[in-house]
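S.K.: fold the following and give me the result.
(chains A and B)
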Amino acid sequence: MQLYLPIAEVSVNIFLLLGLGGIVGFMSGMFGVGGGFLITPLLFFIGIPPAVAVATGANQVVASSVSGVLAQIKRKAVDFRMGMVLLAGGVAGSAFGVAVFARLNTLGQVDLFVQLSYVLFLGLVGALMLQESIRALRRARRTDAPVRRSRQHGWAHKMPLKMKFRASGLYISVIPPLLVGAFVGFLAAIMGVGGGFIMVPAMIYLLGMPTKIVIGTSLFQIIFVTAFTTVMHAVTSQTVDMALALLLILGGVIGAQVGARIGVRLRAEQLRILLSLLVLAVCGKIAADLLIRPNELYSLTVGVLP
Amino acid sequence: MIRLLVLILALCAPSALAQDERIVLGLSETRVAITANFQGSQIMIYGAVQRYSPEPEGNLGVIVTVSGPPTQVMVRKKERRVGIWINREKVRIGRAPSFYAVATSGPLDEVLSETDNLRYKIAIPRAIRAIGISAQAENAPPFVEALERIRTNEGLYAMQEGAVRLTAGTLFRTDIQLPVNLTEGNYGVRVLLTRDGQVVDVFEDSIGVQKAGVERFIHALAHEQPLIYGLLSLVLAVVAGWGAAAAFRFVR
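M.R.: As a prediction, the model looks like this:
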């Protein structure tokens, strides 16, 4: 069954979109990530214009984050104060990102920039995660090995403007969370992702937050950053496709519930290895597109008549 | 009003050509609505040649063109730089139809002379107005060829020689396929009658292509009230996310 998308102006199969949403929802339910880093490249692959894919991806992440954060609030695993600080940085970063995106769009380099960001960040995060989880798996076998502490007492404690974050049990400067928030906000705007896959490691390793608080807090601030990004994209470039977003969300919420149930049966290290392999696979596909000679060297951008 | 003008123009045009053969035209549709389940459309263009005197000498030819609203097009070429393929050279093409289909009753060079092809801008490369492009890139013509090639592959440009069926030298008909990825606007329909490659009559009409129903509503809202549209998309996402979580809790 075909559906003509009003903003993307292409006709796509409804079940294909529901399926895509379902697969991404399944992943996000299983691994606890927003899934934006998967949905946007997948939309590129099925022929949605990159600008629409990025903006609509952000809208879809809002829905999956809302659904996820509700569960985390119930478990009291959200540090609202830290979330607000990250958010303040995130909004600034996102506004800057949307401006850069609009500028690149006129230069015709938006595709390249988005693809390079994907290759860089997916490659980096995927490799780090794989290395870390393989090490964890080995450590689990040798039970006598010492457990490394992830909490560091370093630069985040020496800076001025210190603040107490009770839920995280931290007393640190607000500057590092602001910077982390701004950086992730910028990426959210450029890549159409929530940024959870960067936010989560940054919170654990840079800010030293306890792992159980991290996912909920990350989801909490991602809702607002992606919501802001969605509205900004809608206003500056009119690239949010409501019909596309709705289908992805519908597929996504069903997939997420199924994924969450399967996720409980697997071990954490195995889950992380799977996720890192998935991240690396997406990274590899995008890198290949950049490196292999394209079939059509020319591309068209329609403008308005002067 | 515009249609009336077109009609008046069409009626005046033949007098300049001073011929006693005229085109009478029919269209299967004058409006195309892009709805949610739009999968492209086919329009039938049919008509007859009206004569008040015996048929003149020379080979009769019929050419039908349908062209969508023109736009400016930026053509970019990828080049390999430090191992990756990135957009480098670009050429701005002043005016190119968003859709262009030509159907003829025979091979184009037989039914139309080169001078009339230039004057009426019939063949696809003629319909693309690319003036002053040589200053924009070292080798500009391939950019125009790329535009023609890409749009032909997408079904937006079509050259169908021999697709007009001519019966008994008077009745003609052809089908033009409109693809899924249509732009909104007025599509101009031209029918040209030729004798030995010389145009003897031109008839023009138009077809309105518009989004309809929900498609129209969403598109209009996104462009006219972008802030409200953005907020509405958010509300939709939040309600869907919350609703799904609540629904699954209920099921469990």
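S.K.: could you use CA atoms for every contact and neighbour count after this?
M.R.: Will do.
S.K.: in the stretch 151-252 of chain B, which spans are strands?
M.R.: Listed in chain order, the strands of the stretch 151-252 of chain B (DSSP state E, counting those that start in this stretch) span B:157-160, B:165-167, B:171-178, B:185-195, B:198-211.
S.K.: typo on my end, it should be the stretch 151-300 of chain A
M.R.: A:162-165, A:170-173, A:298-303.
S.K.: and residue 113, what pLDDT?
M.R.: Defaulting to chain A. We note a pLDDT of 82 for A:F113 in this prediction.
S.K.: hmm, no, I was thinking of chain B.
M.R.: 89.
S.K.: what residues are up against the residue nearest to it when sequence neighbours are not counted?
M.R.: Nearest non-adjacent residue to B:S113, counting by Cα to Cα, 6 or more residues apart in numbering or on different chains: B:G197, 4.6 Å away. B:G197 is in contact with B:N59, B:G61, B:D109, B:E110, B:V111, B:L112, B:S113, B:D116, counting by Cα atoms under 8 Å, 6 or more residues apart in numbering or on different chains.
S.K.: output those as JSON lines; include the columns secondary structure.
M.R.: Listed next are the contacts of B:G197 as JSON lines, based on DSSP: H, G, I helix; E, B strand; the rest coil:
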{"residue": "B:N59", "secondary structure": "coil"}
{"residue": "B:G61", "secondary structure": "strand"}
{"residue": "B:D109", "secondary structure": "helix"}
{"residue": "B:E110", "secondary structure": "helix"}
{"residue": "B:V111", "secondary structure": "helix"}
{"residue": "B:L112", "secondary structure": "coil"}
{"residue": "B:S113", "secondary structure": "coil"}
{"residue": "B:D116", "secondary structure": "helix"}
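S.K.: only the buried subset of these, as a ChimeraX command please.
M.R.: The buried subset of the contacts of B:G197, as determined by 16 or more other Cα atoms under 10 Å in any protein chain shown, is captured in ChimeraX by this line:
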select /B:61,110,111,112,113
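S.K.: nearest to chain A among the contacts of B:G197?
M.R.: Of all the contacts of B:G197, chain A sits closest to B:D116, with 26.3 Å by Cα to the nearest Cα.
S.K.: measure the residue nearest to B:R31 when sequence neighbours are not counted to chain A for me?
M.R.: Among residues not flanking B:R31 along the chain, B:G208 sits closest, at 4.7 Å (Cα to Cα, 6+ apart). For B:G208, the distance to chain A (Cα to the nearest Cα, to the nearest Å) stands at 17 Å.
S.K.: wait, isn't B:G208 in contact with B:E29?
M.R.: No. Using Cα atoms under 8 Å, B:G208 is not in contact with B:E29, being 9.1 Å away.
S.K.: spit out the contact partners of residue 77.
M.R.: Picking chain A for this. Taking Cα under 8 Å, 6+ apart, one finds A:K212, A:I213, A:V214, A:I215, A:G216, A:T217 in contact with A:A77.
S.K.: actually chain B
M.R.: Residues near B:K77 by Cα under 8 Å, 6+ apart: A:L297, A:Y298, A:S299, B:N87, B:R88, B:E89, B:K90, B:F143.
S.K.: which residue sits closest to the third one, ignoring its sequence neighbours?
M.R.: Take A:S299 and drop its neighbours on the chain: the residue closest to it by Cα to Cα, 6+ apart is B:R76, 5.2 Å away.
S.K.: would you list the phi and psi of the one you found?
M.R.: Torsion angles at B:R76 (phi, psi; degrees, to the nearest 10) stand at phi -120, psi 150.
S.K.: what residues does the stretch 151-300 of chain A put near chain B?
M.R.: Counting by Cα under 8 Å from any Cα of the partner chain, the stretch 151-300 of chain A comes close to chain B at A:227, A:230-232, A:234-235, A:238, A:240, A:242, A:245-246, A:249-250, A:253-254, A:257, A:290-294, A:297-300.
S.K.: just the buried members of those residues?
M.R.: Of these, these count as buried by 16+ other Cα under 10 Å: A:227, A:230-232, A:234-235, A:238, A:240, A:242, A:245-246, A:249-250, A:253-254, A:257, A:290, A:298-300.
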